[in-house]
Structures are given as structure tokens and as C-alpha cells.
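**Student:** coords please:
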Amino acid sequence: MTNRVYSEDEIRFTIVQTTDVHSMIFPYNFIKAEEENTSMAHVYTYVKKLRDEGKTVLLLDDGDFLQGQPAVYYYNFVATNETHIWSEVLNYMNYDAVALGNHDIEAGHDVYDKIKKEIKAPLLAANLIDEKTKKPYFEPYTVIEKNGIRIAILVLIEPAIERQLPKILYEGLETEDMIESARKWIKVIKDKEEPDIIIGLFHSGANHTEDKEKYKNENASQLVAEEVDGFDLILVGHDHQGWIGLGYDEASNKKIKNVKNPSGKIVPIYGGVNSARYIASIEVNMIYNKEKKVWDIKFEGTLLDPSLFEADKDFLNKFSDSRSKIEKWVGRDIGYLNTKLTSDDAIFGDSYFLSFIHELQFDISKKELGEDIDISLAAPLSKDAVLNNGVIKVRDMFNLYPYENFFYIMILTGRQIKDFMEYSYGRWFNTMKDINDHLIYFKKDSRGELIFNNRYNSYDTLTPIYNYESAAGLNYTVDVTKPYGSKVYIESLSDGRNFELDKEYKIGTNSYRGSGGGGHLTQGVGIDLKTLQNMDLVLKSTDKDFRYYIINWFEEQKSAVTVEKLNNWKAVPEDYIQAGRKTDYPLLYPKI
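**Tutor:** Residues are numbered from 1 along each chain as shown. Okay, the predicted model is just below:
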């Protein structure tokens, strides 16, 4: 250890962490065309306040900024020759370090490679590595000097992108397990950098219990804290939950303090909430112990609501031209719809909403990829989506289809399709014992009670609703009184052909599902993840996200669009379905 001389025995600074901003740059929702009371402009007011008070600020972003609002979509895929608005925001606010998130990878190489060149702060991810060299594609960590001390920041990204995103988005790259990567780089940081404090900036949630496997766990932040010595503080994102110096206790399902590393040291875990709704603000007090020649470090943090402050006027003026460009683009008329579409219907059975998505997949498959698919697979990507009848604008497409998924044509056998559907409906619909039972498969606690989620103001379902996958091109019934494996009865293809388990079919689905997202193809069908990553079963893929093609599809229609329900499947018994919907609808959509 080098004998370093410190000018002060006590050092103070403030850490401000934003995470999962999802392009909430302006106090305006471009999708809803409504003003909002929080944004990066509000965050900047707080950061400026701290700096004006003479406080030293360590400003960090924990990833997932390149997806969400049309603000970044416009700069990701439309205004590609201009400096990206997110780069300008980060530079204007003077960020110290930036983590990469899974939705940033979803934007594709061209976008995040461009961002890396444009921003002044280092863009970091230690466990996203080059497949050939096995070295990090981005810098793994950075060391920042504040008030004469050396602050090391190690960034890790959740490794489950390998089962969430198509390989084309991170061609030539792969992820490492977070625990293994942390062990490796902590040693390098200590040996090479001799920092005074080490911070983990992880785009990964704290609660690892959803993912049963420890290796390459998606939400492994607490696991890293418990398994790897060396961190003084860990900041988390990805899960949108909000953490205040807390860990998570799997046994009691309660938040607990005192997450300890292998040496018994308490490692605080903090993390903000998505869309700039809450940011982590942490006061750091470091007192130098001259006898032991180490710093005694104390953290006192909170989750701060940026809406408590006014949006910074200088910020808004700086980016006013950009906002005008985005508003003009997103407000453009692209067509007319005669049928109101709501995703809530898609949760309880066949719906106009998903009939429309299925029909789009059939049409776009033929027009853009030159293939007629036999079967379309799709799910409602949001439980609250509404597309009103009338004039359709670009902004409406972000409500209809919120994610930047590619579209795949894959080859699956009839048996694989049947297993896929059993997996979907087995985690979607409960096995109803009687007419008074729940139709929807809800999560339950250790006492057998449903779990209310304050964040969403509804009860937690076993699997997210964006995994409620239905099929078109098949005629089938789903018997909710039957157990997993026997729920789905496929009568025939919708064009009258026999459905054969041993025959191969062309199916259309989005790239999230085709890459293993939701587990339908891995856990349900039993296809090896490597096979999906290598796209061995993919016959063709679009080279742009599906929303891009939907926008074009609307613009090409010569008359107003009327949606017809496909009526190709139904859940039975009908009296059970009606009773179950009456019971469960208020649990998913409680009155405010």
C-alpha cells in the first residue's frame, strides 16, 4: 500500500444516482401528450442546488436510458445524424460515470457505440465482454478523485440479456456472471488503483429470488454484496423498486437491513425508481483512522422525489428545440382506426387488441420478409394499453407496442408449439377448482394470501402480463379446470389443415420471446438457450424494430382500419370464465 497523505481527516460528499430514467428527459409524456411533474429537468434543479451550496457531488446514472419515451427513439432511429439528446443531457448535467442497462443494449450497436463516443463521462460495463478477446467491450470501472480521495466505481449489467435480447443487438459480445466478474475486478481495482472507497454501480435488481439459479442471476446485486468482499456501497437499478440501504430476505419476504459481505462488513444497498420518479441521494462521511490507516465511512441516504423541485428553466431552454422536433414527429398523423383497442380484454381471453397484433404479424411477415407464417404468437405488452378509435398518430404506436422488439420467423414443430402454449396458459390461468376460484394465476405469500403491489396498485400475477402469449392461425380451447400440460386442446389450423405434432411450422413472434424471454422456449419447450442465441431456429428476422413496421403499415392503408376479432380460441368452461373475470378484474384494475 502506498503511503498517501490526505489534506483532511474528514471528507464529505454527496452521491446522486439516477436509474432507469427511460428517457424521461422533459416534464412531458410524449405518448400521452400530457405534462408530467418529474423529469431530468427536475433532477437537475436538485443537483444544481447541491453544487450551489458548495457540496461536492458524485453524479451517477445506472442505465436504461435509451428506451421508453419517443424522445430517445427519435434520436436512436430517426435523427441519427444529430448528437443524441441523451449524450447532451449527460454532458450538460456533468455526470461522473454512466452504467449500461439492458434496454440500452436493446437500442443496438450503432446507438450505444455512438453514445459512448459522444458523452464525456465513461460508459461502463465490466461483465459485457468481447467473445474473442474475453475483455470488456466497455471500460469495466473508473476512478474519480473528489476532495482528494480516490473513488472507484465498478459497473455490472444484468447478464440475462442473453435470454432477453436477439444476438444481433450485441453481436460479438457475451455476458459474464456478476459474482465472478465482481471478484475479478475488485482484485484489479485494489491492486492497481488503491482506492479509498469502492462503489458498485449495478444495473441489476436487489432481489434475486425470482431467478432460481445463482449463476448469471438477473437480479444479483445483493448476491454480489454477500459473496464478494471489497464493496463499501452498492447502487442498484433495473428492478424499478427503490432501495434505501436495504437488502432482501428471501425467507420472510421482508426488507431487512444489514446485508453483510463474507468478512461480516455491512454493505448498504441503495437504488432509485424508474422514470426519474425517485433518485437516490446519499451523504457520505469519511473519517480517516490514522492508527489503522483506513477510512471509516458512513452513509446516510434517502430516496428523493424530484417533483419537490421545479424543473430547471435553463435546462428546459437548452433543450427546447429538441423537444419541438420530437413533438412534431410524434404528433404526426399516420392513419385512422374505427375500432377501440384495449389490452385489458386480452388478459381474460380472445380480444380485438391481440387480434390486431396477430394480423399485423401475418401481414408484415409476408410484406417485409416475404414469408407466409402458419402461426402468430403474441402477448399484450402492457396491461394498461388503450388505442382509441379515431386519428392515429405516431405517439399511439408507443402505447400499442411499447418495446423495441424485432420480429422473427422461426421454425417449430407442432409438439414444441403445444408445449409453448401449455407453458403460457399454465402460468397465465389458474387451475380453477370451482366456479368461485381465481381465473388468473396470482402470486401468493407463505400464508397463501395474494400479494398486493403498491407500486402498480394491483395484485401480483405469477408471471408478468407481457408473457400472456396467445396464438393465431390455430383453432384451440383452453380448459382452466385442467392442470398444466393438459390445458390446451388444439383442434386444427385456422385454414382447415390438420395440426400435426411431428410437422414443422413457420411461426411469427417478437425477438424477446424468440431469444428465450419469459422462458416459453427454454423452460416450456426445452430448447437450449445457446440454440436460441445462435438463432438456429430463426428463418428470417426484420432489421428494424416491429414498431417501425407498424407505423409504415398504418401510413400505407388507403382507408380507415376496422379490426375484427379472430375468434380462433376460447377459454372454457364459459361460466367459470365469466365468474373468474368478475372476481379478478378488480384485483388487476382496482378503482382509484
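**Student:** Residue 443 touches residue 450, doesn't it?
**Tutor:** Yes - applying C-beta atoms under 8 Å, one finds residue 443 in contact with residue 450, separated by 7.2 Å. C-beta: built from backbone N, CA, C; applies to glycine.
**Student:** shared neighbours, these two?
**Tutor:** Common neighbours of residue 443 and residue 450 (criterion: C-beta atoms under 8 Å, 6 or more residues apart in numbering): 459-460.
**Student:** what are the ranges of the helices in the stretch 101-250 of the chain?
**Tutor:** 102-105, 109-118, 178-188, 221-227 (DSSP state H, counting those that start in this stretch).
**Student:** Identify the residue nearest the geometric centre of this protein.
**Tutor:** residue 103 (5.9 Å; C-alpha atoms, centre = their mean).
**Student:** List the contacts of the closest residue to it other than its chain neighbours.
**Tutor:** In this structure, residue 103 finds its nearest non-sequential neighbour in residue 67, 3.8 Å apart by C-beta to C-beta, 6 or more residues apart in numbering. By C-beta under 8 Å, 6+ apart, residue 67 lies in contact with 22-23, 73, 103-104, 106-107, 403-404.
**Student:** cool, and residue 11?
**Tutor:** Contacts of residue 11 (C-beta under 8 Å, 6+ apart): 146-149, 284-286, 288, 295.
**Student:** Go again with 10 Å.
**Tutor:** 56, 146-149, 196-197, 284-288, 295, 297 (C-beta atoms under 10 Å, 6 or more residues apart in numbering).
**Student:** Give me the sheet partners of the helix or strand hosting it and which way each runs.
**Tutor:** Following DSSP states H and E, the helix or strand that holds residue 11 is strand 10-18. Partners of strand 10-18 in the sheet, by DSSP bridges, are strand 57-61 (parallel), strand 279-289 (antiparallel).
**Student:** now stretch 436-454, how far from the chain's geometric center?
**Tutor:** 24 Å (C-alpha atoms, centre = their mean, to the nearest Å).
**Student:** and the end-to-end length of it?
**Tutor:** 25 Å (C-alpha to C-alpha, to the nearest Å).
**Student:** can you pull the buried residues of it?
**Tutor:** Neighbour-count burial for stretch 436-454, with 16 or more other C-beta atoms under 10 Å as criterion, is recorded at 437-442.
**Student:** got a list of contacts for it?
**Tutor:** Contacts of stretch 436-454 (C-beta under 10 Å, 6+ apart): 251-253, 347-349, 425-432, 458-463, 465, 468, 480-481, 484, 571, 576-585, 587-588, 590.
**Student:** filter the residues you listed to the buried ones?
**Tutor:** Looks like these have 347-349, 425-432, 458-461, 463, 465, 468, 480-481, 571, 576-577, 579-581, 584, 587-588 buried, using 16+ other C-beta under 10 Å.
**Student:** Worst mean pLDDT across the helices and strands of the chain, which element?
**Tutor:** strand 247-249 (a mean of 50; mean pLDDT, DSSP states H and E).
**Student:** Which residue ranges of the stretch 451-592 of the chain form strands?
**Tutor:** Along the stretch 451-592 of the chain, counting by DSSP state E, counting those that start in this stretch, strands occupy 452-453, 458-459, 470-472, 474-479, 488-493, 504-510, 538-541, 569-572.
**Student:** From the contact counts, what lies against the fourth one?
**Tutor:** The criterion is 3 or more C-beta pairs under 10 Å, 6 or more residues apart in numbering; DSSP states H and E, and the helices and strands that strand 474-479 contacts are strand 375-378, helix 414-428, strand 488-493, strand 569-572.
**Student:** hmm, try it at 8 Å
**Tutor:** Applying 3 or more C-beta pairs under 8 Å, 6 or more residues apart in numbering; DSSP states H and E, one finds that strand 474-479 contacts helix 414-428, strand 488-493, strand 569-572.
**Student:** May I see those organised as a markdown table, with distance to residue 324 and mean pLDDT added?
**Tutor:** Shown next, in a markdown table, are the helices and strands packed on strand 474-479 (distance: least, C-beta to C-beta, whole Å; pLDDT from 0 to 100):
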| stretch | distance to residue 324 | mean pLDDT |
| --- | --- | --- |
| helix 414-428 | 43 | 98 |
| strand 488-493 | 50 | 98 |
| strand 569-572 | 46 | 97 |
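**Student:** which other residues reach stretch 306-320?
**Tutor:** For stretch 306-320, using C-beta under 8 Å, 6+ apart, the contacting residues are 25-27, 37-46, 48-49, 85, 88-89, 92, 276-279, 323.
**Student:** thinking again about what came up before, narrow the contacts of residue 11 to those that are buried.
**Tutor:** The buried subset of those - by 16+ other C-beta under 10 Å - is 146, 149, 196-197, 284, 286, 288, 295.
**Student:** Taking these together, which two end up most distant?
**Tutor:** Within the buried ones among the contacts of residue 11, two members stand farthest from each other by C-beta to C-beta: 146 and 288, at 14.8 Å.
**Student:** just checking, the residue nearest to the centre of the chain touches residue 69?
**Tutor:** No - here residue 103 lies out of contact with residue 69, judged by C-beta under 8 Å, at a distance of 11.8 Å.
**Student:** Quick check: neighbours shared by those two?
**Tutor:** Common neighbours of residue 103 and residue 69 (C-beta under 8 Å, 6+ apart) are residue 22.
**Student:** What pLDDT is listed against the residue nearest to residue 528 when sequence neighbours are not counted?
**Tutor:** Leaving aside its chain neighbours, residue 528 sits nearest to residue 522 (7.7 Å; criterion: C-beta to C-beta, 6+ apart). The model reports residue 522 with a pLDDT of 96.
**Student:** Count the residues that sit near residue 522.
**Tutor:** 18 (other C-beta atoms under 10 Å).
**Student:** show me the contacts for it.
**Tutor:** Contacts of residue 522 (C-beta under 8 Å, 6+ apart): 163, 516, 528-529, 532.
**Student:** gap between it and residue 205?
**Tutor:** 20 Å (C-beta to C-beta, to the nearest Å).
**Student:** The helix or strand harbouring residue 301: partners in the sheet, and parallel or antiparallel?
**Tutor:** Assigned by DSSP H and E, residue 301 belongs to strand 294-304. Using DSSP bridges, the strands paired with strand 294-304 are strand 279-289 (antiparallel).
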